[in-house]
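here's my sequence, what's the structure:
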Amino acid sequence: SGIEYSGAYPVSKLHVLDDKQDLDVTLYAYSPFYPNNLNYSAQPLVAFTMVFKNPTNLAARGSVFFNLPFGAINDCARESTHGRNASVPDVAACVALCSEWGAQCASWSFDHAGQICFINPDVPHNVYRDDWSCAVAGTWSVGDNDITYHGTPVGGSLSAGAGNVTLSGTGDDIQYAVSNDVAALYQSFLAGQGQFAPSDAVKVGPFASATAANGAAACRVNVEAGQTVSVSVVFSWYFPERDHMGVDVGNFYVNLADSSRTFAVNNADNSELLQMVQRIHAHHNVFSNPDSSYPEWLQDHMVNQFSHFRGMMFLRDGRMREYEAYDCPDVDSIHNDYQRHLPYIWTQPAFELSKLERWGEGQQPAGFLYEDLGSFNLGPLDQWADRVMADTTSLWIMEQWEFYLNTNNTAYLAQHYPIVQRAIHWMVDNANTNGQGLPWMLVCTYDIIAFSLYNTTTFNSMIYLATLRAVQHMSLVMHDNATYTFATQAFNFGYSQLYKLLWNSTLGYFRAYTGGDAMMGDCLYGQMLAHHLGLGWLVPEADLQSHLVAELKYNGDPYGIKVVTGRHEPPPMSLAVEESFLGARATPRMAQVMDQLLELNVKTGFDTQDDVIWLGAAPDWSYLKLALNPTMSVTDALAPAFNQLGNYRDRLRDLWNIVGITSPGDWGTDPDAQGVPYVTSHYGFVMTDYYLLPVLAGTVINMPAGTLSFKPVYPCPFNVPVTLVGVTGTLTCTGGVYTLAIAYGHLQLPAGGLSANGKIYSQAVNLADGQSISW
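Got it, this is the predicted structure:
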């Protein structure tokens, strides 16, 4: 017996393995996900659907017990400087004491070991505390088809933890009850054979108000022989006063409904839930379906890396923001955002546009853009902060070109073009320091390796050249001859300096940095971006081919591609960490991070600075290999990406928490120390693997020219994803007939603008959700 887990974001599946049961039982949990519809997707709820299959010849009964311990949460504390305390024997007594004190108790904590109840007049943040319990003061109510816990807000002060939560179920045979003792609730459920039997310890609804630690739902269904029956319970929450660093920024969903009960009851309907599932399925079908030509491991990652959406903040006023990662509290760092932005612009482009606008508003007088919209040092939201980098100002410019290329929105480009002009002048001014012609001593997203200690790097230089190429194209659109000439001259000089300073002509690769012959994995990231955005090859293809061979030779690893090899005396880790985080040891948070990295470097005995795997390198290598060699073995081209992604899928089995840096295969002899998470949590570095989808499909987008073409690496028959800004779907080929099916979005092209493998669709294209054409 046991439980088998599987997931396809935003769906989780738990299958009960028990030969002694008559019924086969599977639990599905899922949340709304609707591409191009942020309001629907922002609903704060999870639906739980229990499916009972009866393979026997006799009727059977299935029951569901769902407990919500929101009136007393385990292993937590709410610490207030204004509270009082009293000795009580248990949680139930603490709940009762809070109720007795009325308005004087807004939240409470209970120390089980000390048997002390702490009563707070406010609602401090929830913190983990072993063998404690805590809650926001409140009461339960049971209506016709729901149970709701109403947390008590504190008037006149921020109460981010105060709100309400609701359970609402489908079906006629469902009940709700409360109790201070979850064991009593469960015994009541058993005694009632799938319903609640009232007792002194269990109060069964309906009722208007009750104080208790636990609220629960119970439902039972009859399943006839050979039949399948499902029952669903919707769990919703509603916390209006979301805070960011002590400021009430709120949650957007307060604009959609007035309570958790409204969200739960409106969705606790089989037709609503069916529609929710159908929308998720249509989204899944783009990235993973039984007929897909893409390898199964890649399909699995493409569906499940959408779990990165869990970090989105949709604020009361409509702003959309996101943390760098769960362990990096800065908000929307440009360089990290661009690594992960593709699934967002494909399915929710408004999210990306919201950030682009704010970044641009923060352009400094010199022309550069700061790193993020909320400092790593726990600074306020939407305040431009932190580092001046090689891959922030540049990538903001690149994304302006990307949106124009995908939308033909000339007005949008014109609005932001003055920022582009000032930004490119700052970039060139920096590059011309000491007449170098390439980015001068700038930190980049690969910060821990401390490459800003060198005059320039290939990573920064490739992004610089790609940005200059993008500005050339934008200046032509804007009829700006002066900027075109300026960018062209800077590109030509930078190109010559790239070969003078960074090309190793003996071994045929681009050096990681000036002053040495080290190799950096992912140093051609800027070239990948240029190719993807229709900007062509920045350097001769033969040199790129040569470099890729060398990169895999020197940096290849069983778990991906190492970040640096050949640097025998890297800067001391202390210097690298100080440099990468601005040397801000004065703040406790920064000092803690730096000390942890230093400790790991000493503790492991390995080179934890260079001899590690940053997860952007392998997918980017595979992209360029495919782009340069579209007829080569797809399996061979994808091999480094498979080594990295297959490790997380098949060995670590954790596709919803892919980190930024993994240990390599040469860290000692213990397999448990190799190919395992090393730094960061729930990170987006790996999400450059989404670039593999359009390169495998041979997608070339040029909406200003009115053209969209495909040349997949697979022969007919094939089935490949179609991924554009705000548009997703599939392109299939069967017997020489091509079919373009749109799952979500609106695609318009003039007559003759669509083609696949050179075969042109002669008519105009005007497709919306669920529509398709064949030719």
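
tally of neighbours for the closest residue to residue 408 other than its chain neighbours?
When the adjacent residues along the chain are set aside, residue 408 lies closest to residue 703, with 4.1 Å between them (Cβ to Cβ, 6 or more residues apart in numbering). C-beta coordinates here come from the backbone N, C-alpha and C atoms, glycine included. Number of residues near residue 703 (other Cβ atoms under 10 Å) recorded here: 20.

do the one 5 residues further on as well
For residue 708, the number of neighbouring residues by other Cβ under 10 Å comes to 23.

that one contacts residue 756, doesn't it?
No: Residue 708 is beyond contact range of residue 756, at 9.5 Å (criterion: Cβ atoms under 8 Å).

SS state for the residue lying closest to residue 79 once chain neighbours are set aside?
Spatial nearest neighbour of residue 79, chain neighbours left out: residue 124 (5.5 Å); criterion: Cβ to Cβ, 6+ apart. Secondary structure state of residue 124, per DSSP: H, G, I helix; E, B strand; the rest coil, is coil.

equivalent analysis for the one 10 residues further on, please.
Residue 134 falls in the strand class when you classify it by three-state DSSP.

quick check on residue 548: phi, psi?
Dihedral angles of residue 548 (phi, psi; degrees, to the nearest 10) stand at phi -60, psi -40.

that one: what's it in contact with?
Residue 548 sits next to 524, 621, 624, 625, 628 when contact means Cβ atoms under 8 Å, 6 or more residues apart in numbering.

which residue lies nearest the spatial centre of this protein?
When Cα atoms, centre = their mean is applied to the chain, the residue found nearest the centroid is residue 308 (1.5 Å).

how close does residue 496 get to residue 465?
Residue 496 sits 11 Å away from residue 465, taking Cβ to Cβ, to the nearest Å as the criterion.

what residues of stretch 54-72 count as buried?
Neighbour-count burial for stretch 54-72 flags 54, 60, 62-72 (criterion: 16 or more other Cβ atoms under 10 Å).

how about residue 387: what's its closest non-neighbour residue?
Going by Cβ to Cβ, 6+ apart, residue 387 has residue 371 as its nearest residue, at 4.6 Å.

what about the strands in the stretch 401-550 of the chain?
For the stretch 401-550 of the chain, applying DSSP state E, counting those that start in this stretch gives strands covering 503-504, 509-510, 519-520.

can you check the stretch 251-400 of the chain too?
Along the stretch 251-400 of the chain, the stretches classed as strands by DSSP E, counting those that start in this stretch are 312-314, 320-325, 328-331.

cool, the stretch 1-150 of the chain as well?
With DSSP E, counting those that start in this stretch, the ranges of strands along the stretch 1-150 of the chain come out as 2-8, 11-17, 24-30, 45-53, 60-68, 73-78, 84-87, 107-111, 116-120, 126-136, 138-142, 147-151.

circling back to that earlier point, list just the nearest of the contacts of residue 548 to residue 441.
The shortest approach to residue 441 among the contacts of residue 548 belongs to residue 524, at 20.7 Å (Cβ to Cβ).

and the closest one, what is it in contact with?
Counting by Cβ under 8 Å, 6+ apart, residue 524 touches 458, 462, 510, 544, 547, 548, 551, 620, 621, 624.

per-residue pLDDT, the spatially closest residue to residue 336 that is not a sequence neighbour?
Among residues not flanking residue 336 along the chain, residue 324 sits closest, at 5.1 Å (Cβ to Cβ, 6+ apart). Looking at residue 324, its pLDDT reads 93.

gap between residue 324 and residue 308?
11 Å.

go on, residue 427?
In this view, residue 427 and residue 308 are 29 Å apart by Cβ to Cβ.

packing partners of the helix or strand containing residue 216?
Element membership of residue 216, judged by DSSP states H and E, is strand 214-223. On a contact count with 3 or more Cβ pairs under 8 Å, 6 or more residues apart in numbering; DSSP states H and E, strand 214-223 meets strand 45-53, strand 60-68, strand 147-151, strand 164-169, strand 174-179, helix 182-191, strand 228-238.

which one of the ones you listed lies closest to residue 760?
Checking the helices and strands packed on strand 214-223 against residue 760 by Cβ to Cβ gives strand 45-53 as the closest, at 44.4 Å.

just give me how far that closest one sits from the chain centre.
How far strand 45-53 lies from its chain's middle: 25 Å, per Cα atoms, centre = their mean, to the nearest Å.

mind putting the strands of the stretch 251-400 of the chain in CSV, mean neighbour count and distance to residue 192 included?
Output for these, formatted as CSV (neighbours: other Cβ atoms under 10 Å; distance: least, Cβ to Cβ, whole Å):
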stretch, mean neighbour count, distance to residue 192
strand 312-314, 19, 41
strand 320-325, 22, 45
strand 328-331, 20, 47
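
with distance to residue 228 added, can I get those strands in TSV?
Listed next are these as TSV, based on distance: least, Cβ to Cβ, whole Å:
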stretch	distance to residue 228
strand 312-314	35
strand 320-325	39
strand 328-331	45
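
which stretch among the ones you listed comes nearest residue 248?
It is, among the strands of the stretch 251-400 of the chain and with distance given as Cβ to Cβ, strand 312-314, at 13.1 Å.

report the rounded mean pLDDT for that closest one.
Rounded mean pLDDT across strand 312-314 is 94.

what's the answer for stretch 191-204, then?
Stretch 191-204 carries an average pLDDT of 94.

what does that stretch contact?
With Cβ under 8 Å, 6+ apart as the test, stretch 191-204 has contacts from 61-64, 173, 175-181, 184-185, 188-189, 210, 212, 216, 218-220.
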